[in-house]
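Peer 1: All I have is the shape, not the residue letters:
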Ligand SMILES: [Zn+2]
Ligand SMILES: [Zn+2]
C-alpha cells in the first residue's frame, strides 16, 4: 500500500510505502483512554515503510511502567498517530483513523486484549480474539 495520513489539524503528516504486517483491534484498558473508549484500531506498519513528511509528533511513555509503549501524537491538536511497543520492535502501530482514506484498512485480522473488553464493545464476526496477545 502507498498511502498518506496525518493528524486532525494537519501539522503532522506521514506516508506509508509498504504493506502492513497485520491489522488488529486492541481492547486493552490503556488503549481505551487513547481511543476515547472504543477499540483502538491499528495496522502494524514496518518501520522501514513509514516516514513522517511534515512536522514532528510529541512522544509519551509512562515512567512508572517497566516496558511502556511510546505513544506519538500531535502536540497541537492531540490526535494520536501511532504507538511503538518494546514487544514489537521495528513496527509502528498506526491508528487507522489518521489515514486520509481509512477504508484502505479493510478490517481487522484479530482482536486482542479481550480481557479488558467492556459490555459496550462489539466484536467483529469471524475474527480470532485473544484474551491478551496471540504470542
Ligand atoms: Zn494536529
Ligand atoms: Zn491496547
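Peer 2: Received, thanks. Given the structure is predicted, the values throughout are model-derived calculations rather than measurements. Ligands and ions are numbered 1, 2, ... in the order given.
Peer 1: For the rest of this, base every contact and every neighbour count on C-alpha atoms.
Peer 2: Will do.
Peer 1: And the strands in this structure, which stretches?
Peer 2: 2-6, 13-17, 22-26, 40-46, 50-54, 58-60, 70-73, 80-84, 91-95, 110-112 (DSSP state E).
Peer 1: which ones are touching the closest residue to residue 105 other than its chain neighbours?
Peer 2: Nearest non-adjacent residue to residue 105, counting by C-alpha to C-alpha, 6 or more residues apart in numbering: residue 96, 6.8 Å away. Contact analysis of residue 96 by C-alpha atoms under 8 Å, 6 or more residues apart in numbering lists 41, 42, 43, 102, 105.
Peer 1: Export the strands of the chain as TSV, with columns for mean neighbour count and mean pLDDT.
Peer 2: TSV is the format used below for the strands of the chain (neighbours: other C-alpha atoms under 10 Å; pLDDT from 0 to 100):
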stretch	mean neighbour count	mean pLDDT
strand 2-6	18	98
strand 13-17	19	98
strand 22-26	21	96
strand 40-46	22	97
strand 50-54	14	98
strand 58-60	15	98
strand 70-73	19	98
strand 80-84	23	97
strand 91-95	23	98
strand 110-112	21	97
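Peer 1: got those strands as TSV, with distance to residue 33 columns?
Peer 2: Below are these laid out as TSV (distance: least, C-alpha to C-alpha, whole Å):
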stretch	distance to residue 33
strand 2-6	20
strand 13-17	23
strand 22-26	12
strand 40-46	9
strand 50-54	24
strand 58-60	14
strand 70-73	12
strand 80-84	11
strand 91-95	14
strand 110-112	16
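Peer 1: Export the ones you listed as TSV, with columns for distance to ligand 1.
Peer 2: Below are those laid out as TSV (distance: least, C-alpha to the ion, whole Å):
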stretch	distance to ligand 1
strand 2-6	8
strand 13-17	9
strand 22-26	23
strand 40-46	19
strand 50-54	11
strand 58-60	10
strand 70-73	8
strand 80-84	9
strand 91-95	14
strand 110-112	28
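Peer 1: Make sure residue 9 is actually in contact with residue 75.
Peer 2: No. If you go by C-alpha atoms under 8 Å, residue 9 and residue 75 don't touch, sitting 10.2 Å apart.
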